[in-house]
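Colleague: Requesting a structural model of the entry that follows:
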Amino acid sequence: MPELPEVEVTRRGFAQAIAGARIEGVRMGKPLRWPLGCAPEGLRGQRVLAVRRRGKYLLLDLEDGLLLVHLGMSGSLRFAHGLGEPGAHDHFDLHTERGTLRLHDPRRFGAVVWAAGEDDPRARKLLGRLGVEPLDPEAFDVEAFHAGLRASRLPVKQLLLGGRLVVGVGNIYASEALFLAGIRPTTPAAAIGPVRARRLHAAIVEVLGRAVERGGSTLRDFSGVDGNAGHFQLEARVYGRAEEPCRVCATPIRLLRQGQRSSFYCPRCQRS
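Modeller: Residues are numbered from 1 along each chain as shown. Take a look at the predicted model:
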């Protein structure tokens, strides 16, 4: 599933090119996760003012309202002239004077939803419960982060994945951040003191920032707007490396299940 770094890489891949472009038409393919929420022809003639990101949602600001785009489990976007005829898994085309923005989504868990604004009930339903943005230094405050840890009864890995405290720390990035911070994924969040909370806060910022620089992670089928795969997974320290030697201490990496997710950790570097 594309996580925050992959969505941010996607945003950066077309935001500048599409900003100011006038919409010339919309093509709808097979139904996605939720209905568009407006008549497709009602988007024609509007300009795309900017492209923002909130968590794993891309927000295309229009002259009238906004489009919220989610890549789902297997989605990716392309933006270019001459994309050709849509294929069986191309379910949404936004034709503009500068090119076509196309959503390719084999599993159809993605979505494109129009809302009148961020106060629209449709937008609030999707965005209203998201945690703070970890790549926003003003929003991601270390003291507030520690307070959120102390208030939870969950293991720290599950708290991070929930997205209520901080948004976008998906499975691979939570595993990597906890390794950098020296914290086991099973550690109760409430047991993490201020020093370790500060280390984890810094590790989250470092891991997500590095993932964006490396084009995200391509574990299955993610690719950026230019069609290129991400490379962060190639330098993962623990994720996907069960029984391989730790890159720091050579102890075999262990795998455990938390809920329905796989957690990877080094029993020596992450003692508690």
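
Colleague: CA atoms for contacts and neighbours, from now on please.
Modeller: Noted.

Colleague: nearest spatial neighbour of R98, skipping sequence neighbours?
Modeller: For R98, ignoring the flanking residues on the chain, the nearest one in space by C-alpha to C-alpha, 6 or more residues apart in numbering is A21 at 6.1 Å.

Colleague: burial of the one you found, as a residue count?
Modeller: 20 (other C-alpha atoms under 10 Å).

Colleague: now swap in Q270 and tell me
Modeller: 16.

Colleague: wait, what's in contact with the closest residue to it other than its chain neighbours?
Modeller: What sits nearest to Q270 in space, not counting adjacent residues and going by C-alpha to C-alpha, 6+ apart, is G182, at 4.4 Å. Shown in contact with G182 (C-alpha atoms under 8 Å, 6 or more residues apart in numbering): C269, Q270, R271, S272.

Colleague: ok, of these, which come out buried?
Modeller: The neighbour-count test (16 or more other C-alpha atoms under 10 Å) applied to the contacts of G182 identifies C269, Q270 as buried.

Colleague: Mind listing what's buried along the helix or strand encompassing Q16?
Modeller: Counting by DSSP states H and E, the element that carries Q16 is helix 4-18. Using 16+ other C-alpha under 10 Å as the test for burial, helix 4-18 gives 4-15, 18.

Colleague: any idea of the mean pLDDT in it?
Modeller: Averaging pLDDT along helix 4-18 gives 93.

Colleague: Let me see the residues that make contact with it.
Modeller: 48, 50-53, 55-58, 71, 76-77, 79, 96, 98-99, 167-170, 208-209, 211-212, 215-217, 222, 224-226, 230.

Colleague: cool, stretch 243-257 as well?
Modeller: Applying C-alpha under 8 Å, 6+ apart, the contact partners of stretch 243-257 are R237, V238, R241, A242, S262, S263, F264, Y265, C266, P267, R268, C269.

Colleague: R210 should be in a helix, yeah?
Modeller: Yes: with DSSP: H, G, I helix; E, B strand; the rest coil as the criterion, R210 is part of a helix.

Colleague: Compute the number of surrounding residues for it.
Modeller: 14.

Colleague: If we ignore the residues flanking it in sequence, what's nearest it?
Modeller: The shortest distance from R210 to any non-neighbouring residue, by C-alpha to C-alpha, 6+ apart, is to F232 (7.6 Å).

Colleague: give the contact list for the one you found.
Modeller: Shown in contact with F232 (C-alpha under 8 Å, 6+ apart): R210, A211, R214, G215, G216, S217, T218.

Colleague: Identify the residue with the minimum pLDDT among those residues.
Modeller: Within the contacts of F232, lowest confidence goes to T218 (53).

Colleague: how many neighbours does P106 have?
Modeller: P106, neighbours per other C-alpha under 10 Å, totals 17.

Colleague: Tell me if I am right that it is in a helix.
Modeller: No: if the criterion is three-state DSSP, then P106 is coil and not within a helix.

Colleague: wait, it sits on S76?
Modeller: No: under the criterion of C-alpha atoms under 8 Å, P106 is not in contact with S76, lying 9.5 Å apart.

Colleague: Any stretches of the stretch 1-150 of the chain with poor pLDDT?
Modeller: Along the stretch 1-150 of the chain, the model assigns pLDDT under 70 to residues 1.

Colleague: give me that answer again for 90
Modeller: 1-3, 6, 73-74, 82-84, 107 (pLDDT under 90).
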